[in-house]
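Q: A structural model of the following input is requested.
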Amino acid sequence: MAVLHRLAASGYNGSTPIRAPIIFPPRPFLRYLPLLIKGPAVYQQVFFRFFILFLSITAAGFTTLSSPLPAADQTSPVDRSRPQQVLEGVELELPDGASAAGGTLFIPDVKARRLWRFQPSNAQNRWRALGEGEGAFSATFYQLGTLYVADSAGSRILRLEGNRLVPWVEFSDGARPNDLVVDIYGNALVTITREGEVRRVAADGTIATVASGLETPNGIALSPDGQTVYVSLYKPGVIVQANVNNERIGPFTELARLEPTERGALADGMTIDRAGNVYCCGAAAVWIFNPAGALLDRIETPQRPINCVFGGAEARDLYISTFGGVVVQPMRAYGVAPNPPMSGPAAHPPGRPPTEIPPTLQADLNRVYYREGHRKLLCDLFVPQHDASGMPAIVLVHGGGWLKGDKTKFRPLAIKLAQQGFVTMAIEYRLGYEAHFPAAIHDCNAAVRFLRTNAAHFNVDPDRIYAVGGSAGGHLVGLLATAWDVPELQPTGSIVALASNTPVAESSRPAAAVVMAGPMQIATGSVADRSHRGQESNATHWIGASIDEAPQLYHLADAYEKISSDDPPILFITGSKDNPERDHPSLARLQELGVRTGQIIHDGATHGHWNRAEWMDRVVADIVEFLQQ
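A: Residues are numbered from 1 along each chain as shown. Model (predicted):
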């Protein structure tokens, strides 16, 4: 009954399924049945209501709990349409805190004293052992192009360089690191369980104790914006939270409490998804709480879970280390992308555009620009370091078929454009498996309003805010430009104003837009054709229905149908091998209405060429020339 009490406190009303696999045996009801039948009428009424509730829960089977989520979080982030899987290929004795880098997974085996690198795309060598016998590796974290590894037995933190583990820092007092998290600047927070501490290892290797007096601190995680740290306390089964400060962390407050089992609550390893939901391994399941501490769901595993991390090609598979191996749980949520390298050789990968941030630019990373309920939408801003006021600005919207990708994909383009004198704002937006249309365009419109609202803060000219997007991001930018006056597509949450008493801008109309290989037509053309034919379609997942099921939503998402004479100028950029004909209907319509437009075709270029080193300078030059006209 403790689980029912917990759900009731989170908004239980007996209506919406959460699919938490919990079994309720009838024995407690049967044990007290004779007493309750003969007892006072009020006891009989209470018993009858609980018995009806028990029957409604078990009607669908003992492995499904029909209970609701809190009103603001009606959708579980767990994707149970696909089954759990167990990684195979090697025998893992005791896997612990894994981490992901793109499609690669790093798994420490603390008992076997080795680190595994798992690459599912490498058919010849999917598994490779690293650092065999060099330490008892309890946790890993990937950040800034570097893998950080906690060696509990060796009282040290190591980093992976090539295929070698190299010591980074050692704890001279013999403290044994348990779990760790690394922020976007390379500062690590480490739990020291026996001493009840959290220690901070700065990027320069300086060590300081930033929290003490904690009861068995174990797992640790940072919120997506890096402003809140979460620590799981193993024995009491409590997740605590505190604001992050370089000098000291705290005071801690309780976020959530895991339900105890016969073995205790055992709050273990943790991770965070892009929406800020907190995942904590317990004695019998992975518990998922929203940023306010409300229970969203539980993921049961064949054996006790130890730690978990998001990974996979789309960053929406949850890899759960357990006492029986690594379990893969498909999700409807996305992991937080690591920050790309910002300096040094790693920021200049061969054959790819650099991610180094030059000293001429001020970077404002993971800035919250919009709030929708508990969800914080983040952006990366790059501001030229000079005294000019009234600078032009560009909102950059990444692609990924509306279902994948993140704001760091446009990091090189954002830097290049900022070096041309633009304030650039690369945004994240809610992808299709997290939230269906129109959530993504709400976020994009909110981004333009954020810049316009805070124009003085960033020295931006509010009348020269532009938008650039590629692929699915190109479609969203096209919709920004042609549907800026459609009420249903405007943000419904809170746009962040950085100065008090600053009025929020009401217009999301960009001064001009650049659509790079994005489909303007959604209710007609190839996007609609795939949906009509019943094919597995990105648009169907993004919108949440096929065009035959919800034609009105496809029309609402159609940028071409909303073209009008008061639209801003729109430039189309594409490659000769990337279906330039897709732009022709929009070009013709814009020209007919007298809206400035044009198309630039890069000969020999394929889809996504704007993110490739050999094409980036040409793309930047074309964008700048159009926006400066």
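
Q: quick check, Asn246 in contact with Arg200.
A: Yes: with contact defined as Cβ atoms under 8 Å, Asn246 counts as touching Arg200 (7.2 Å). Using the backbone N, CA and C atoms, a C-beta is placed for each residue, glycine as well.

Q: of these two, who's got more company?
A: Arg200 (21 against 10; other Cβ atoms under 10 Å).

Q: and that one, helix, strand or coil?
A: strand (DSSP: H, G, I helix; E, B strand; the rest coil).

Q: can you tell me which residues contact it?
A: With contact set as Cβ atoms under 8 Å, 6 or more residues apart in numbering, Arg200 has these partners: 187-190, 207-210, 246, 249.

Q: and the residues you listed, which is the shakiest by pLDDT?
A: Ranked by pLDDT, the contacts of Arg200 bottom out at Asn246, which has 71.

Q: would you say it is within a strand?
A: No: under the criterion used here (three-state DSSP), Asn246 is coil, not part of a strand.

Q: ok, it - contacts?
A: Asn246 touches 187, 200, 202, 210, counting by Cβ under 8 Å, 6+ apart.

Q: what's the answer for Asp461, then?
A: Shown in contact with Asp461 (Cβ under 8 Å, 6+ apart): 390-393, 455.

Q: ok, and the most crowded of these?
A: Ala393 (27 neighbours).

Q: quickly list what that residue is bridged to.
A: Ala393 forms beta bridges with Val423, Ile465, as assigned by DSSP bridges.

Q: for it, give me its contacts.
A: Going by Cβ under 8 Å, 6+ apart, Ala393 touches 422-425, 451, 455, 458, 460-461, 464-466.

Q: would you reformat those as TSV and include pLDDT?
A: Below are the contacts of Ala393 laid out as TSV (pLDDT from 0 to 100):
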residue	pLDDT
Phe422	97
Val423	98
Thr424	98
Met425	98
Leu451	98
Ala455	97
Phe458	96
Val460	97
Asp461	97
Arg464	98
Ile465	98
Tyr466	98
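
Q: that older thread, secondary structure and distance to Thr140 added to the contacts of Arg200, as CSV?
A: Converted to CSV, those look like this (DSSP: H, G, I helix; E, B strand; the rest coil; distance: Cβ to Cβ, whole Å):
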residue, secondary structure, distance to Thr140
Asn187, coil, 16
Ala188, strand, 11
Leu189, strand, 14
Val190, strand, 12
Ile207, strand, 19
Ala208, strand, 22
Thr209, strand, 22
Val210, strand, 21
Asn246, coil, 23
Ile249, coil, 22
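
Q: may I ask which of these has the most neighbours?
A: Tallying neighbours with other Cβ under 10 Å puts Val190 at the head of the contacts of Arg200, with 28 neighbours.

Q: about what we covered before: pick out whichever of the contacts of Asp461 sits closest to Gly131.
A: Of all those, Gly131 sits closest to Ala393, with 46.0 Å by Cβ to Cβ.

Q: can you check what pLDDT the model gives that closest one?
A: At Ala393, the pLDDT value in this model is 98.

Q: can you start the count at 45 instead of 1 from here on
A: Okay, residue one is now 45; in that scheme the one you just asked about reads as Ala437.

Q: distance from stretch 242-250 to the middle of the chain?
A: 25 Å (Cα atoms, centre = their mean, to the nearest Å).

Q: related to what we said a few turns ago, save the contacts of Ala437 as CSV, and put in distance to Asn582 too.
A: Below are these laid out as CSV (distance: Cβ to Cβ, whole Å):
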residue, distance to Asn582
Phe466, 30
Val467, 31
Thr468, 26
Met469, 25
Leu495, 28
Ala499, 35
Phe502, 33
Val504, 33
Asp505, 36
Arg508, 33
Ile509, 28
Tyr510, 26
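
Q: returning to what we had before: which one of the contacts of Asn290 is nearest Thr618?
A: The closest of the contacts of Asn290, once distances to Thr618 are taken by Cβ to Cβ, is Asn231, at 41.6 Å.

Q: got the contact list for the residue nearest to Gln129 when sequence neighbours are not counted?
A: Closest residue to Gln129 apart from its sequence neighbours, by Cβ to Cβ, 6 or more residues apart in numbering: Val372 at 4.6 Å. By Cβ under 8 Å, 6+ apart, the contact set of Val372 is 128-131, 356, 361-364.

Q: what's the answer for Ile332, then?
A: By Cβ under 8 Å, 6+ apart, Ile332 lies in contact with 120-122, 321-323, 339-343.

Q: which of those residues sits closest to Asp424?
A: The closest of these to Asp424 turns out to be Asn321 (Cβ to Cβ; 21.6 Å).

Q: isn't the closest one up against Pro121?
A: Yes: using Cβ under 8 Å, Asn321 is in contact with Pro121, at 6.1 Å.

Q: common neighbours of those two, please.
A: With contacts defined as Cβ under 8 Å, 6+ apart, the residues shared by Asn321 and Pro121 are 332, 340, 377.

Q: what's the closest non-adjacent residue to Arg633?
A: Nearest non-adjacent residue to Arg633 (Cβ to Cβ, 6+ apart): Ile607, at 4.8 Å.
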